[in-house]
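> Sequence and predicted structure are below.
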2 protein chains.
Amino acid sequence: MPSLGEDETLQSIRGLLGNGIELFGLRDDAGVLELPTGGSLVVSVDSVVEGVHVDLAFCRPSDIGWKALMRALSDLAAMGASPLGALIALCVPVGTGASELALGVMRGVAEASAASGCAVVGGDVSSAGELVVAVTVLGTAEGGAGAVSRSGAVAGDVLLVTGPCGGSAAGLRELRAGVEGADARLAYRRPAARLTEGSVARRCGAHAIIDVSDGLALDLHRLADASGVGFVLDGVPVAAGATLDEALGGGEDYELAIAVAQADLDAVERAFDSAGLREPLRIGSAVSDPDLRLLGTSELERLGWQHRLG
Amino acid sequence: MPSLGEDETLQSIRGLLGNGIELFGLRDDAGVLELPTGGSLVVSVDSVVEGVHVDLAFCRPSDIGWKALMRALSDLAAMGASPLGALIALCVPVGTGASELALGVMRGVAEASAASGCAVVGGDVSSAGELVVAVTVLGTAEGGAGAVSRSGAVAGDVLLVTGPCGGSAAGLRELRAGVEGADARLAYRRPAARLTEGSVARRCGAHAIIDVSDGLALDLHRLADASGVGFVLDGVPVAAGATLDEALGGGEDYELAIAVAQADLDAVERAFDSAGLREPLRIGSAVSDPDLRLLGTSELERLGWQHRLG
């Protein structure tokens, strides 16, 4: 069997589960569960694994807890949803320091919980060979047209991002090199999910939203794939200290990419301003030819983060 | 720092999260989340880790997926809740066979999903050093007095279990010894969460329920601790092929222990019968002295499964 990238494995898993599964991180960042009592819930799960997503050499345990919750919350942000609660499955290596590690991670989870207003409503602690923090988040996107998928962009839509990209990757590079750079380190260790931005964009009628946590380029391709459109980018905003490659493919930035109708652009900008948010940055437009994926005049590579399982 | 057992680490984590956390697997098997749209959700998360909870030498990947979902669903059963959906965080070791392992696990999840009527509504796949399956389940316990905690038993209550215990531990022992024993192997590889039993007991006004997945003895102690009562057991039902020690402390049985008022016992037995369920087995009574914890005339040890993290 050839090795499978994440998207292909997820496709196989979706096929296996058939109608039993609505979403497996493939069609959207989060799923929507209709409740028997009325209303619906936006749900998502995401894992942080030491040695894969994070490295204890460059992150304190509390940073890992913070990142794990924010990473999951970013999936709610990408649906325009507001958080209701989170459940944490924590696996820690047995042995000396295990309890300190568990408590350190949970201290960061508690800090991210306080910063985001998302209560922790359940959890489990297991021993394991390595540190794993799996976070499930539950949210709500009531009112308006409900949760925003990544598949609703149409030709002519303006593409926005909520902030410059590459800061997290630049921070990790600086940490590895042992150089100073407080801003970039903060972007790597303490990213913030764009919950208010996603919610405001949803209320303004955004057509599609995705978070760019796997890399701006890859995630823009995914939004375009899901929507059946192409795109032409004029440029991308690069975080201070980051390179263009880091902005396009570094990943772990929790900015949102948003597709809005040209006619709604003014309303979106005003709503962001009213909410005290940074003005969203215009990066290009969606186009009708799904094969056209340009940055300037060059084809945009699918730069970004995909697990290789095989 | 001295090593911490699971209950103590969970106590520390609860202290850390303060009001931010309702439950961390300590007070009850699952948490209850009030929804802004009205109603409430019963939520729980549980992990299965290869080498800790399961061994690929004795379980196929699909058995592990089955057990992981049933283990989490058992926490809903212990609240008397009915499942609405599950989210799966799957971590698989990178390398040859990773995709087959991921798909095998998810095949078992899909089988348990079909058997329990609990749809998979979200998921995530990561690479990791070992196999981890973290399962979050969402359920509902509408009507009547809502979800049943483990803390409501009162002196004089009859203690019931939904079936004989020790079958899972006996199955694992037989597998390790390489001897035949299809029933016990099935109990180990394909346990079923007692969802209908829990729901029926809740509707009959059960005072307290706990699942005995960490061992009948330890979980009875936990129910008694939470309720502030003691207990006197006449005997415990031992599964065919199992020893008394396996029944008391083997764990991974997904039977429920239920405390009901003596006056409700007939109604419970009739309701179980009407639902086509096995008659619950009477094992003893709750008593007012919280320090009295007897099996026959001997003190019942806290036999069972607790992680040692440190």
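Yes, it's here. Numbers count the residues shown, from 1 in each chain, chains lettered A, B, ... in the order given.
> Which segments of chain A make up each domain?
Annotated domains of chain A cover A:6-140, A:158-299 [automatic domain parsing].
> Quick check: mean pLDDT of the first one?
Okay, so that is domain A:6-140. Per-residue pLDDT over domain A:6-140 has a mean of 85.
> Which strand residues bridge A:Leu233?
Beta bridges link A:Leu233 to A:Gly284, A:Leu295 when assigned by DSSP bridges.
> That one: how many residues sit nearby?
The number of residues packed near A:Leu233 is 20, by other Cβ atoms under 10 Å in any protein chain shown. For every residue, glycine as well, the C-beta is placed using N, CA and C.
> Now do the contacts for the residue nearest to A:Ala187 when sequence neighbours are not counted.
The spatial neighbour of A:Ala187 that comes closest, neighbours along the chain excluded (Cβ to Cβ, 6 or more residues apart in numbering or on different chains), is A:Gly167 at 3.3 Å. Counting by Cβ atoms under 8 Å, 6 or more residues apart in numbering or on different chains, A:Gly167 makes contact with A:Asp183, A:Ala184, A:Ala187, A:Tyr188, A:Ala239, A:Ala240, A:Gly241, A:Ala242, A:Asp253.
> The last one and A:Ala170 touch, don't they?
So that's A:Asp253. No. Here A:Asp253 lies out of contact with A:Ala170, judged by Cβ atoms under 8 Å, at a distance of 10.0 Å.
> Please identify which of those two sits among more neighbours.
A:Asp253 (31 against 25).
> which residues touch that one?
Listed by Cβ under 8 Å, 6+ apart, the contact partners of A:Asp253 are A:Gly163, A:Cys165, A:Gly166, A:Gly167, A:Ser168, A:Ala169, A:Ala187, A:Pro191, A:Val212, A:Ser213, A:Leu216, A:Ala239.
> number of nearby residues for the nearest residue to A:Gly156 once chain neighbours are set aside?
With Cβ to Cβ, 6+ apart as the criterion, A:Gly156 has its nearest non-adjacent residue at 6.1 Å, and that residue is A:Gln262. For A:Gln262, the count of nearby residues is 10 (other Cβ under 10 Å).
> Over to A:Gln262: give its phi and psi.
Taking degrees, to the nearest 10, you get phi -50, psi -40 for the backbone angles of A:Gln262.
> are any of the contacts of A:Gly167 buried, and which?
Among those, those scoring as buried are A:Ala184, A:Ala187, A:Tyr188, A:Ala239, A:Gly241, A:Ala242, A:Asp253 (criterion: 16 or more other Cβ atoms under 10 Å in any protein chain shown).
> Narrow those residues to those in helices?
Here DSSP state H is the test, and these give A:Ala184, A:Ala187, A:Tyr188 as lying in helices.
> Would you confirm that the last one contacts A:Phe58?
Yes. Using Cβ under 8 Å, A:Tyr188 and A:Phe58 qualify as a contacting pair, with a distance of 7.4 Å.
> what is in contact with these two at once?
With Cβ under 8 Å, 6+ apart as the test, A:Tyr188 and A:Phe58 both reach A:Leu172, A:Leu175.
> mind listing what the residue nearest to A:Gly156 touches?
A:Gln262 neighbours (Cβ under 8 Å, 6+ apart): A:Gly156, A:Asp157, A:Val158.
> same thing with A:Glu197?
A:Ala77, A:Thr162, A:Leu256, A:Phe272, A:Leu277, A:Pro280.
> So which of the residues you listed is the closest to chain B?
Of all the contacts of A:Glu197, A:Ala77 has the smallest distance to chain B: 15.7 Å, by Cβ to the nearest Cβ.
> okay, the closest residue to the closest one other than its chain neighbours: pLDDT?
Of all residues not flanking A:Ala77 in the chain, A:Gly198 sits nearest, at 3.7 Å (Cβ to Cβ, 6+ apart). pLDDT for A:Gly198: 98.
> For A:Gly198, give me its contacts.
Contacts for A:Gly198 (Cβ under 8 Å, 6+ apart) come out as A:Leu76, A:Ala77, A:Ala78, A:Met79, A:Gly80, A:Ala81, A:Val148, A:Ile209, A:Leu256.
> Among the residues you listed, which lie within helices?
Checked against DSSP H, those include these in helices: A:Leu76, A:Ala77.
> Is any residue of the top strand by length along chain A near chain B?
Scanning chain A for the longest strand, with DSSP state E as the assignment, gives strand A:82-93. Yes. Strand A:82-93 is in contact with chain B by Cβ under 8 Å from any Cβ of the partner chain, via A:Leu84, A:Gly85, A:Leu87, A:Ile88, A:Ala89, A:Cys91, A:Val92.
> The third one: neighbour count?
It refers to A:Leu87. As a burial measure, A:Leu87 scores 30 neighbours (other Cβ under 10 Å).
> try the first one
Under the neighbour criterion other Cβ under 10 Å, A:Leu84 is assigned a count of 23.
> Excluding sequence neighbours, find me the nearest residue to it.
Leaving aside its sequence neighbours, A:Leu84 sits nearest to A:Leu138 (Cβ to Cβ, 6+ apart; 4.8 Å).
> same question, the fourth one
Sequence neighbours aside, A:Gly123 is the residue nearest to A:Ile88 in space, at 4.2 Å (criterion: Cβ to Cβ, 6+ apart).
> I'd like to know how many residues surround the one you found.
The number of residues packed near A:Gly123 is 27, by other Cβ under 10 Å.
> Helix, strand or coil: sort out it for me.
In three-state terms, and counting by DSSP: H, G, I helix; E, B strand; the rest coil, A:Gly123 is strand.
> Check the one 4 residues further on too.
Of the three states, A:Ser127 takes strand according to three-state DSSP.
> what sits against A:Pro36?
Going by Cβ under 8 Å, 6+ apart, A:Pro36 touches B:Leu84, B:Thr140, B:Glu142.
> Report the beta-bridge partner residues of the second one.
Listed beta-bridge partners, B:Thr140: B:Ser82 (assigned using DSSP bridges).
> now swap in A:Val238 and tell me
A:Cys165.
> tell me the contacts of it?
With contact set as Cβ under 8 Å, 6+ apart, A:Val238 has these partners: A:Pro164, A:Cys165, A:Gly166, A:Leu244, A:Glu246, A:Ala247.
> Grab the nearest non-local neighbour of the fourth one.
Using Cβ to Cβ, 6+ apart and skipping residues adjacent in sequence, the residue nearest A:Leu244 is A:Val238, 5.8 Å away.
> Is the residue of chain A most remote from its centre in a helix, a strand, or coil?
In chain A, counting by Cα atoms, centre = their mean, A:Thr96 sits farthest out from the average C-alpha position, at 33.5 Å. Using three-state DSSP, the structure places A:Thr96 in coil.
> What ranges does the stretch 151-300 of chain A have for its helices?
Applying DSSP state H, counting those that start in this stretch to the stretch 151-300 of chain A gives helices spanning A:167-177, A:182-189, A:195-203, A:216-227, A:244-249, A:265-274.
> Least confident of the ones you listed, on average?
helix A:182-189 (a mean of 81).
> Residues in contact with that one: which ones?
For helix A:182-189, contacts defined as Cβ under 8 Å, 6+ apart pick out A:58-60, A:63, A:66-67, A:167-175, A:239-242, A:252-253.
> which one of the residues of strand A:82-93 next to chain B sits closest to A:Gly296?
Closest to A:Gly296 out of the residues of strand A:82-93 next to chain B is A:Leu84 (41.8 Å), distances taken as Cβ to Cβ.
> I'd say that closest one and B:Leu33 touch.
Yes. Counting by Cβ under 8 Å, B:Leu33 is a contact partner of A:Leu84 at 6.5 Å.
> Need the overlap of contacts for those two.
Joint contacts of A:Leu84 and B:Leu33 (Cβ under 8 Å, 6+ apart) are A:Leu138.
> for chain B, what are the nearby residues on the stretch 101-250 of chain A?
The stretch 101-250 of chain A comes close to chain B at residues A:102-103, A:106-107, A:109-110, A:113-114, A:119-130, A:132, A:134, A:136, A:138, A:140, A:142, as judged by Cβ under 8 Å from any Cβ.
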